[in-house]
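Q: generate coordinates for the sequence data below:
(one chain, ligands or ions: 1)
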Amino acid sequence: MMGKPNAKTAPLSTAADTPALLSPRAGAPSRGFAHADSWIFDLDNTLYPAECNLFAQVDRRMGEFIARYLGVPFAHARHLQKTYYRQFGTTLAGLMRVHKLEPAEFLAYVHDIDLSVVSESPRLRAEIAALPGRRLIFTNGSHRHAERVAEKLGVLDLFEDICDIAACDYVPKPEADAFRRMIRRHGVAAETAAMFEDMPMNLAAPHDLGMTTVLVHSGYIDHPIQEQMKSWTELPDHIHHMTLDLTGFLEMRRDAAHKSMDLEEGEAPDA
Ligand SMILES: [Mg+2]
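A: Below is the predicted model:
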């Protein structure tokens, strides 16, 4: 049965092309969570599910901003928006380099969105609260946007800090330099960090730096890599884990951690 188009701009995938949950290649070097003490989360379409379509609002407002800023028709603005996104990592990075845009006005405009589509998530809250160690949000968006969304989800107070695009001097993921800046700024040890992201290319640098990487599936299709992913039969080596549901994945991680603890306790001689 065909899934019905989901949004006006229809960027969301339909049930018919929901991806399989992919596994790592046999023999791929694996990394787990036993030693993880820093838990780093992308924000958009990672901490909240893409299905709520919040990002569609941001996406549309980027096009509106460009149309007004450059005085071009909306369709052309959308074309530039997506071209810069692919070429520079973010639309903003392209606008700054090509058009010398001052970022603050752009960020304020694109993140001025209606958060009523984001629901409070007590289950997600419980799982993030259970993560042993520090937790950070690392986003190509603004600090204020991350703060508002995390607050709406009911998880903001669980995070030690937010590393936003301004904190990285507007160097965006997927650039390795963005990750190095985040690591330096927050004193993160990459070998004991886990990175959660919905965009596969944003996991290449964290893998190279030694982090455990988790791809959180997003049905929000606006990058060619997401089309390419549909033909993947296994995960590329820089992605160690994949999930269709972040909260469910964290629940499984917690169960697995408890079991391994039980095992260790079981192995110890009885007092
Ligand atoms: Mg994202």
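Q: residues of the stretch 151-271 of the chain that sit close to the ion?
A: Residues of the stretch 151-271 of the chain lying close to the ion (C-beta under 5 Å from the ion) are residue 198. (C-beta placed from N, C-alpha, C; glycine too.)
Q: what number of residues lie near the residue of the stretch 151-271 of the chain found nearest the ion?
A: For the stretch 151-271 of the chain and the ion, the shortest gap (C-beta to the ion) falls at residue 198, measuring 4.4 Å. For residue 198, the neighbour count with other C-beta atoms under 10 Å is 24.
Q: distance check, the nearest residue to it once chain neighbours are set aside against residue 77.
A: Leaving aside its chain neighbours, residue 198 sits nearest to residue 218 (3.8 Å; criterion: C-beta to C-beta, 6 or more residues apart in numbering). Residue 218 sits 23 Å away from residue 77, going by C-beta to C-beta, to the nearest Å.
Q: quick one, which of those two is more surrounded?
A: residue 218 (23 against 20).
Q: surely the more buried one forms part of a helix?
A: No: counting by DSSP: H, G, I helix; E, B strand; the rest coil, residue 218 is located in no helix; its state is coil.
Q: what sits against it?
A: Counting by C-beta atoms under 8 Å, 6 or more residues apart in numbering, residue 218 touches 45, 46, 50, 198, 199, 226.
Q: among those residues, which two are most distant?
A: Maximum pairwise distance among the contacts of residue 218 (C-beta to C-beta): 13.8 Å, between 46 and 226.
Q: show me where the stretch 1-150 of the chain has helices.
A: 54-70, 74-88, 91-99, 103-110, 122-129, 143-153 (DSSP state H, counting those that start in this stretch).
Q: for those helices, give me CSV that also has mean pLDDT.
A: Output for those, formatted as CSV (pLDDT from 0 to 100):
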stretch, mean pLDDT
helix 54-70, 96
helix 74-88, 96
helix 91-99, 96
helix 103-110, 96
helix 122-129, 98
helix 143-153, 98
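Q: reformat these into JSON lines and put distance to residue 247 next to each item.
A: Output for these, formatted as JSON lines (distance: least, C-beta to C-beta, whole Å):
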{"stretch": "helix 54-70", "distance to residue 247": "17"}
{"stretch": "helix 74-88", "distance to residue 247": "28"}
{"stretch": "helix 91-99", "distance to residue 247": "29"}
{"stretch": "helix 103-110", "distance to residue 247": "27"}
{"stretch": "helix 122-129", "distance to residue 247": "5"}
{"stretch": "helix 143-153", "distance to residue 247": "11"}
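Q: with adjacent residues omitted, what lies nearest to residue 251?
A: Using C-beta to C-beta, 6+ apart and skipping the chain neighbours, the partner closest in space to residue 251 is residue 127 (5.8 Å).
Q: I figured that neighbour was touching residue 254, is that so?
A: Yes: between residue 127 and residue 254 there is a contact under C-beta atoms under 8 Å: 6.5 Å.
Q: comparing the two, which residue is more hemmed in?
A: Relative neighbour count places residue 127 above the other of residue 127 and residue 254, with 21 against 16, counting by other C-beta under 10 Å.
Q: any idea how far that one lies from the ion?
A: 19 Å (C-beta to the ion, to the nearest Å).
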